[in-house]
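Undergrad: Based on what follows, work out the 3D shape:
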Amino acid sequence: MDEYFKIVNLWLIETKKLAPEVCDWIGIYFKESYLYKIESKDLVIGPYIGEVTEHIRIPLNRGFCGMALTEERTVNVEDVSSDSRHIACSLKTKSELVIPIAKHDGQYIAELDIDCNRLKAFTPEIEFLFQQAVKTFPLL
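TA: Predicted coordinates:
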């Protein structure tokens with residue numbers, strides 16, 4: 001797993017370069033069932049760039065991260081304080097973008113999570129850039 005996480009980390013470094021001004025925190029959450037081949041309804045953190053977070057495990061039925069994978073859609077939140085579903089990884093976070101990642105067979109297995117410390121950070125153009133990037137995500 002260490003070698004795979006090194007590859008994912010390199011991918012994150014390159015992905016952050018698409019719009020570094022909005023990536024105060026950028027990381028990958030995996031479905032635990034995909035990553036470790038066990039029965040689980042949790043997301044587990046993979047590589048990330050940014051402040052340390054206590055949220056290393058998130059139930060699929062909680063937060064915007066859970067919403068993106070459960071509903072299999074991008075979640076773009078302009079103001080996280082306006083929605084009680086937000087799980088605060090950092091008190092500095094003002095907006096969040098979560099994009100689910102699917103395998104070639106359409107099975108959703110992970111997500112790209114980006115937090116920004118300013119409101120309305122993720123324009124449609126920036127959202128599109130990151131949606132294109134997830135198509136290049138290195139799968140196991």
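
Undergrad: What ranges does this structure have for its helices?
TA: For the chain, the helices defined by DSSP state H occupy 2-16, 32-36, 63-71, 124-134.

Undergrad: Check which helices and strands the second one is in contact with.
TA: Right, helix 32-36. Helices and strands touching helix 32-36, by 3 or more Cβ pairs under 8 Å, 6 or more residues apart in numbering; DSSP states H and E, are strand 42-49, strand 108-116. From N, CA and C alone the C-beta is placed, and that goes for glycine too.

Undergrad: Do I have it right that residue 79 meets residue 94?
TA: Yes: assessed by Cβ atoms under 8 Å, residue 79 is found in contact with residue 94 at 6.6 Å.

Undergrad: intersection of neighbour lists for those two?
TA: Shared contacts of residue 79 and residue 94, defined by Cβ atoms under 8 Å, 6 or more residues apart in numbering, comprise residue 119.

Undergrad: and the two? which has more neighbours close in?
TA: residue 94 (19 against 12; other Cβ atoms under 10 Å).

Undergrad: Need the pLDDT of the more buried one.
TA: Residue 94 carries a pLDDT value of 94.

Undergrad: who's in contact with the most centrally placed residue in the chain?
TA: Central residue of the chain (Cα atoms, centre = their mean): residue 113, 2.0 Å from the mean position. By Cβ under 8 Å, 6+ apart, the contact list for residue 113 reads 25, 26, 27, 28, 29, 48, 65, 96, 97, 98.

Undergrad: Excluding chain neighbours, what is closest to the fifth one?
TA: If I follow you right, that is residue 29. Spatial nearest neighbour of residue 29, chain neighbours left out: residue 43 (4.2 Å); criterion: Cβ to Cβ, 6 or more residues apart in numbering.

Undergrad: Out of the helices of the chain, which gets nearest to residue 140?
TA: Of all the helices of the chain, helix 2-16 sits nearest to residue 140, with 6.1 Å by Cβ to Cβ.

Undergrad: pLDDT weak spots in this structure?
TA: Scanning the chain for pLDDT under 70 picks out 84, 86, 88-90.
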